[in-house]
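Student: coordinates for the following, if possible.
(chains A and B)
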Protein chains: 2
Amino acid sequence: MKKSGSIPDIVIERLPRYYRYLRSQLGKQEKISSRILAEHLSASASQVRHDLSYFGGFGLQGYGYRVEDLCRKIGRILGVEQDRYYVIVGAGSLGKAIANYPIFSEVGFHLSAVFDRNPEIIGSPLAGGKIGDVSELGKYLEDKSVDIVVITAPAEAAQGIADITCGSGCNGILNFAPVDLQVPENVQLRNIHLTDMMLALSYRLQRSGVVD
Amino acid sequence: MKKSGSIPDIVIERLPRYYRYLRSQLGKQEKISSRILAEHLSASASQVRHDLSYFGGFGLQGYGYRVEDLCRKIGRILGVEQDRYYVIVGAGSLGKAIANYPIFSEVGFHLSAVFDRNPEIIGSPLAGGKIGDVSELGKYLEDKSVDIVVITAPAEAAQGIADITCGSGCNGILNFAPVDLQVPENVQLRNIHLTDMMLALSYRLQRSGVVD
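Tutor: You can find the predicted model right below:
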């Protein structure tokens, strides 16, 4: 078993995919080979074996992996058995969609609060709670245990929200705003830049239609 | 100028970020150095110069880049001046959020149609159109010019939608469903797996709190 402190980022990024696929196979198959696992993840069997080697000797030679065991072990590594809390800042249609996204709670992520700056919607019900005033975000993060702040606010508001988040001791940000945020090094930031993805996708569509 | 057919994927992925930042600076500053550009993109100045070298000699020694010129040139490479069309399959809250996402149209992406399988919402108005029956998706894609199919349907429906998409000659898929889709090699597929991102983010938060 390799030392878990040295797991490369790229392997960590792939773990949730293993977990998701294995979870979908619970009760459908008892064991799975690295070859089949690889096929479903568009990876090579040797990559699968390599990735999983970081987490101990799960595989049995000539047998493969026990789906339930492997799913549980990867899930534990990813912390799906723990409850973690997130808040959403920006209660527009994207924020609402994230607030109602059913799969987060299945893997232990619970919505703690939603904030917005628009007085017309502050106080309105959303996903079992009420939309809070973003001016109270800092105090909320200081008082409560929040793991991740999801930013679905407009681009021009996002850096301010990130600053409040980092200043309040919350070190996880999932950012949907179309802007590159500046955060301290100890903060884990992930971006989902929808327009960037569409642009890159359409660029590659153009290119794939061109014979060089 | 390097041959554009050989632009590495990783450079292509970064282009929309350059474009987005430059666009935000239009009218604010006339020129920009690779150092400043790099700071805002959390990259190194040498990486910026390297990336931009694929697209010709935009930079002027000791001067930097003209914001407007560079923005227009990268925008043209990315095709933002062209109209491109996308459909959304899955009119749940995420599909609705994407349908109403304002920034797509600013870079030339227009919503062509939205489909769902739920008879209770088929025919309902959404984003200026009406929700269509997903059973008509294949014919729609064959008849119309659609560049990208955005899948916001549940996991169990996503592969079927991808099959119809690929079978109808549309080669671009942006997939939000939490499943790894199998598509032919000529199809450009991007995934936004929200739960995977939350899991990887929270894993790294855990790790960053641990002293090895």
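Student: for chain A, give me the ranges with low pLDDT.
Tutor: A:1-6, A:56-62, A:209-212 (pLDDT under 70).
Student: parallel or antiparallel, which strands does the lengthiest strand in chain A pair with?
Tutor: The longest strand of chain A (DSSP state E) is strand A:109-116. Paired strands of strand A:109-116, with direction, are strand A:84-89 (parallel), strand A:129-133 (parallel) (DSSP bridges).
Student: need the winner for burial among those.
Tutor: Burial of the strands paired with strand A:109-116 is given as mean neighbour count (mean count of other C-beta atoms under 10 Å in any protein chain shown); strand A:84-89 ranks first at a mean of 24. No exception for glycine: its C-beta is placed from N, CA and C like everyone else's.
Student: which SS class is the residue nearest to the spatial centre of chain A?
Tutor: Among the residues of chain A, the one closest to the centroid is A:Leu174, at 7.5 Å (C-alpha atoms, centre = their mean). With DSSP: H, G, I helix; E, B strand; the rest coil as the basis, A:Leu174 sits in strand.
Student: that one contacts B:Leu199, correct?
Tutor: No - the pair A:Leu174 and B:Leu199 does not pass the contact test of C-beta atoms under 8 Å, sitting 11.1 Å apart.
Student: before we move on, the earlier item: just list whatever residues bridge to the residue nearest to the centre of chain A.
Tutor: Applying DSSP bridges, one finds that A:Leu174 bridges with A:Val150, A:Arg190.
Student: any idea which helix or strand comes after the longest helix along chain A?
Tutor: Taking DSSP state H as the criterion, chain A has its longest helix at helix A:9-25. Downstream of helix A:9-25, the next assigned helix or strand under DSSP states H and E is strand A:31-32.
Student: how far does the helix or strand following that following strand sit from its chain's centre?
Tutor: Using DSSP H and E, the helix or strand that follows strand A:31-32 towards the C-terminus is helix A:34-40. What separates the centre of helix A:34-40 from the centre of its chain is 23 Å, taken as C-alpha atoms, centre = their mean, to the nearest Å.
Student: helix A:34-40 near chain B anywhere?
Tutor: Yes - counting by C-beta under 8 Å from any C-beta of the partner chain, chain B has neighbours in helix A:34-40: A:His40.
Student: the following helix or strand past that helix: how far from the chain's middle?
Tutor: Remark: after helix A:34-40, the chain's next helix or strand is helix A:45-53, criterion DSSP H and E. Relative to its chain's centre, helix A:45-53 lies at 22 Å (C-alpha atoms, centre = their mean).
Student: contact partners for the closest residue in space to A:Ile173 that isn't next to it in sequence?
Tutor: The shortest distance from A:Ile173 to any non-neighbouring residue, by C-beta to C-beta, 6 or more residues apart in numbering or on different chains, is to A:Leu189 (4.8 Å). By C-beta atoms under 8 Å, 6 or more residues apart in numbering or on different chains, the contact set of A:Leu189 is A:162, A:173, A:175, A:181, A:183.
Student: please name the nearest non-neighbouring residue to A:Tyr86.
Tutor: Computed as C-beta to C-beta, 6+ apart, the closest residue to A:Tyr86 that is not its neighbour in sequence is A:Ile148, at 4.1 Å.
Student: pretty sure that neighbour contacts A:Gly172?
Tutor: Yes - when contacts are counted by C-beta under 8 Å, A:Ile148 is listed as touching A:Gly172 (3.9 Å).
Student: and A:Glu185, helix, strand or coil?
Tutor: Classification of A:Glu185 using three-state DSSP returns coil.
Student: need the contact list for it.
Tutor: Applying C-beta under 8 Å, 6+ apart, no residues contact A:Glu185.
Student: next one: phi and psi at it?
Tutor: Here is the backbone geometry of A:Glu185 (degrees, to the nearest 10): phi -60, psi -30.
Student: now swap in A:Arg207 and tell me
Tutor: phi -60, psi -40.
Student: now A:Leu126
Tutor: Dihedral angles (degrees, to the nearest 10) for A:Leu126: phi -160, psi 130.
Student: show me what it is bridged to.
Tutor: Where A:Leu126 sits in a bridge, its partners, by DSSP bridges, are A:Gly129.
Student: what's the burial count for it?
Tutor: 19 (other C-beta atoms under 10 Å in any protein chain shown).
Student: contact partners for it?
Tutor: A:91, A:96, A:99, A:114.
Student: nearest to B:Val48 among these?
Tutor: Of all the contacts of A:Leu126, B:Val48 sits closest to A:Ala91, with 35.7 Å by C-beta to C-beta.
Student: is it true that that closest one touches A:Ile121?
Tutor: Yes - using C-beta under 8 Å, A:Ala91 and A:Ile121 qualify as a contacting pair, with a distance of 5.9 Å.
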